[in-house]
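Peer 1: The sequence and its predicted three-dimensional model are supplied below.
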Amino acid sequence: MFKSRKFHRWLSLALLVWVMAYVGYALSGCSSSDKGTKAPPVEATQNSLATAIALQAQATSQPTATTVVIGGNKPSATPTASMTATASPTFEFTPAPSVTATFPATRDPNEAASSSGVATAIAMAQTITGDHFWISRPFFTENGVVDYAERLYDYGSTSGGRLRPHYGIDFVNPFGTMVLAANDGVVFFAGSDIDQKRFGPTSNFYGNTIVIQHTHLDEKGQPFFYYTLYGHLSSINVVTGQSIRRFDPIGQVGQSGVAIGPHLHLEIRIGDPYSYGSTYNPELWLEPFPGYGVLAGRVALEDGTPLYEVEIKAESVTNGAIYRAYTYADSDPALNGDPYLRENWVMGDLEAGVYNVTVGYLGRIVYQAQVAVIAGTTGFLPVFVN
């Protein structure tokens, strides 16, 4: 009897701990405010929700088919796309200027950055002109809805080698949160990717999926086509071929397909919208918050060979806030650099100001300088290691 009561006491304690953890899990992604009034979190909180969401990329079992819940007009659960992907042969980005920033292999980690290095870094941040912030954040920031990306699993990240490379960014929000179109366009696909119309590495990887084709006209009036993909939805409110305006409601956050925990998976694709290898970092396309900018760069050997999963740290001179990013992982298909920047790392949602930036490789600092982040622009830092 004593053993039984003792067992039940321990069981009750375990259940209490589980309930407390679950409450923290449910509330972890629900703290935000209107953009421009509160900065995104400096470091992603190590919570069970973010970890669970990231685990969607490790799933190896074949998921169960998920029925699409359609709002308004109701096509079949797995509609056949009536559109054909359109190529953009007449419009190309001009690559960013080639800038060499080589640092000695034996550089002292405690050595301060030279004034010339600082000047070069700040000048680069001011002269890059290839920004293409063409899409809006796919959420209205009300009632605690989060409209910034989860930092534990950025584009190109493996979350410290624990997960498969990530080909998009995640927005952690409660089940049923309304998802908005990021720009004007036409619905290329709306339904479940369980059949041959799959968009991920396996069938039903993204579950209920929407793909929107967008058209951008350059200064000469030439069209450039790109796609936004919205994955793991709980319901879909649009149909294939439907014209969409920016901020139109298109679906709701869910966890369909290979996903644990409700969130929106957002991708940018150029070229073949069905190809898992045609993705690009959405943080270079998302319109920055007012007063915020983006920092990107490329870390490579002198011969141009990219270095994988190298840490970049940026510390705010103003308030000491620390941000971290990692160069894109080695993956198949390869994680693409932007058509203009050719970057292999990005820090999004940085408050405008000056940052002490360091790049560490094989236990040593190979780059150290103060860098200015300009609001509404992308600063670019090329680092070549010898």
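Peer 2: Nice, I can see it.
Peer 1: next structured bit after whichever strand in the chain runs longest?
Peer 2: Ranked by residue count, the top strand of the chain under DSSP state E comes out as strand 223-236. Using DSSP states H and E, the helix or strand that follows strand 223-236 towards the C-terminus is strand 243-244.
Peer 1: From the contact counts, what lies against that following strand?
Peer 2: Identification of packing neighbours for strand 243-244 by 3 or more CB pairs under 8 Å, 6 or more residues apart in numbering; DSSP states H and E yields strand 185-192. C-betas here are computed from N, CA, C, even on glycine.
Peer 1: Give me the buried stretch members for the longest strand of the chain, please.
Peer 2: 224-236 (16 or more other CB atoms under 10 Å).
Peer 1: ok, now stretch 376-386?
Peer 2: Quick answer for stretch 376-386 (16+ other CB under 10 Å): 377, 378, 379, 380, 381, 382, 383, 384, 385.
Peer 1: Only C-alpha atoms, please: export it in PDB.
Peer 2: What follows is stretch 376-386 as a C-alpha-only set of coordinates in PDB (Å, rounded to 0.1, in the frame of the first residue of the first chain):
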ATOM      1  CA  GLY A 376      15.400  49.600 -44.700                       C
ATOM      2  CA  THR A 377      18.500  48.200 -46.400                       C
ATOM      3  CA  THR A 378      20.700  45.200 -46.500                       C
ATOM      4  CA  GLY A 379      24.400  45.500 -45.500                       C
ATOM      5  CA  PHE A 380      26.700  43.000 -47.100                       C
ATOM      6  CA  LEU A 381      30.000  41.600 -45.600                       C
ATOM      7  CA  PRO A 382      32.200  39.400 -47.700                       C
ATOM      8  CA  VAL A 383      34.900  37.500 -45.700                       C
ATOM      9  CA  PHE A 384      37.500  35.400 -47.400                       C
ATOM     10  CA  VAL A 385      39.600  33.200 -45.200                       C
ATOM     11  CA  ASN A 386      43.200  32.200 -46.100                       C
END
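Peer 1: Break the chain into its domains for me.
Peer 2: Following automatic domain parsing, the chain resolves into domains at 38-91+134-287, 102-129+289-385.
Peer 1: sorry, back to before: which of the buried residues of strand 223-236 lies closest to residue 300?
Peer 2: Of all these, residue 226 has the smallest distance to residue 300: 25.8 Å, by CB to CB.
Peer 1: how far away is the closest residue to residue 243 other than its chain neighbours from residue 209?
Peer 2: Closest residue to residue 243 apart from its sequence neighbours, by CB to CB, 6 or more residues apart in numbering: residue 186 at 5.7 Å. To residue 209, residue 186 is 16 Å away according to CB to CB, to the nearest Å.
Peer 1: So for the two, which sits in the more crowded spot?
Peer 2: A direct count of neighbours by other CB atoms under 10 Å for residue 186 and residue 209 places residue 209 higher, at 28 against 14.
Peer 1: Where does that one sit: helix, strand or coil?
Peer 2: strand (DSSP: H, G, I helix; E, B strand; the rest coil).
Peer 1: same deal with residue 277?
Peer 2: The three-state assignment at residue 277 reads helix, by three-state DSSP.
Peer 1: what sits against it?
Peer 2: Residue 277 sits next to 333, 334, 336 when contact means CB atoms under 8 Å, 6 or more residues apart in numbering.
Peer 1: which one among the residues you listed gets closest to residue 352?
Peer 2: Of the contacts of residue 277, the one sitting nearest to residue 352 (CB to CB) turns out to be residue 336, at 27.3 Å.
Peer 1: And the pLDDT for the residue nearest to the closest one when sequence neighbours are not counted?
Peer 2: In this structure, residue 336 finds its nearest non-sequential neighbour in residue 280, 5.2 Å apart by CB to CB, 6+ apart. Here, the pLDDT recorded for residue 280 equals 98.
Peer 1: Repeat that for residue 218.
Peer 2: 85.
Peer 1: Do I have it right that it meets residue 132?
Peer 2: No: counting by CB atoms under 8 Å, residue 218 stays clear of residue 132, with 10.4 Å between them.
Peer 1: Looking at the two, which is more packed in?
Peer 2: Taking other CB under 10 Å, residue 218 and residue 132 do not tie; residue 132 has more neighbours (17 against 13).
Peer 1: Next, the more buried one: phi, psi?
Peer 2: phi -140, psi 70 (degrees, to the nearest 10).
Peer 1: One more: residue 173?
Peer 2: Per degrees, to the nearest 10, the backbone of residue 173 is at phi -140, psi 160.
Peer 1: Let me know the distance separating it from residue 266.
Peer 2: Taking CB to CB, one finds residue 173 at 12 Å from residue 266.
Peer 1: Also residue 351?
Peer 2: Separation of residue 351 from residue 266 (CB to CB): 22 Å.
Peer 1: just to revisit the earlier point, show me the one in the contacts of residue 277 that has more neighbours than the rest.
Peer 2: Neighbour counts for the contacts of residue 277 (other CB under 10 Å) peak at residue 336, which has 22 neighbours.
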